[in-house]
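Engineer: Below: sequence and its predicted model.
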Amino acid sequence: MLTISVMGQIKYMYKRKGFHKKVKEYTEEAIKQSRNGTRVTDILNSILMIANLPPVQRALPKNLILARLWFAKEKPNMGHFLKYIIKNIQSLDKGFQVTTDENEDVTVSGKIFALIADPTARANILNMSQFNAYSSCSFCHHPGVSVATGN
């Protein structure tokens, strides 16, 4: 497992020319977590996205923060995998000082707005049955029905 300091990455971003100006242009102080739980060559990642950047710049690789990277043959224990991320998000909620490219000290804080995950990862994060199992809907808790397709 590779763990990289979220706050260190944010401090580095703020030192980039013009980054703070772009962030200031948007009023929402938020970090939107985007999570791709699909196992591709046994890799699971957790990426944070700055929500108060212009939409076309949010998903640019230089503006994404790698919060956690897991590579192994087995799936991670989600409690363990998310523990560090949750700790960092709690620190972001309190705010911390960064220095911009113009040597201005600003306080940065963040909140989780959304969690995006594929059905398999969502079930693993919520510690529930997968999407194809009995009572696997986290919204309505409907038991589900098997439908014949004629094949």
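Structural biologist: Received the coordinates, thanks. Numbers count the residues shown, from 1 in each chain.

Engineer: Give me the helices and strands touching the helix or strand containing residue 8, please.
Structural biologist: Per DSSP states H and E: residue 8 is located in helix 6-15. If contacts are counted by 3 or more Cβ pairs under 8 Å, 6 or more residues apart in numbering; DSSP states H and E, helix 6-15 sits against strand 64-71, helix 78-94, strand 96-99, strand 105-108. Backbone N, C-alpha and C define where each C-beta goes, glycine included.

Engineer: quick one: residue 107 and residue 93 touch, right?
Structural biologist: No. Counting by Cβ atoms under 8 Å, residue 107 stays clear of residue 93, with 12.0 Å between them.

Engineer: and residue 120, how far is that from residue 105?
Structural biologist: For residue 120, the distance to residue 105 equals 43 Å [Cβ to Cβ, to the nearest Å].

Engineer: And for residue 79?
Structural biologist: Residue 79 is 36 Å from residue 105, by Cβ to Cβ.

Engineer: neighbouring contacts of the helix holding residue 8?
Structural biologist: 19-20, 48, 50, 62-63, 65-67, 85, 88, 91-92, 96, 98-101, 106, 108 (Cβ atoms under 8 Å, 6 or more residues apart in numbering).

Engineer: Just the buried residues from these, in PyMOL please.
Structural biologist: Only the buried entries of those go into this PyMOL selection, using 16 or more other Cβ atoms under 10 Å:
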select buried, resi 19+20+48+50+63+65+67+85+88+92+98+100+108
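
Engineer: Buried ones in stretch 61-79, by neighbour count?
Structural biologist: Along stretch 61-79, these residues count as buried under the neighbour rule (16+ other Cβ under 10 Å): 63-65, 67-68, 70, 78.

Engineer: Lowest-confidence entry in those?
Structural biologist: Least confident of the buried residues of stretch 61-79 in the model: residue 70, at 69.

Engineer: Just name the shakiest helix or strand of the protein by mean pLDDT.
Structural biologist: Within the chain, no helix or strand scores below strand 31-40, which has a mean of 39 by mean pLDDT, DSSP states H and E.

Engineer: so who does residue 19 touch?
Structural biologist: Shown in contact with residue 19 (Cβ under 8 Å, 6+ apart): 13, 100-101.

Engineer: do that again at 6 Å, thanks
Structural biologist: Contacts for residue 19 (Cβ atoms under 6 Å, 6 or more residues apart in numbering) come out as residue 13.
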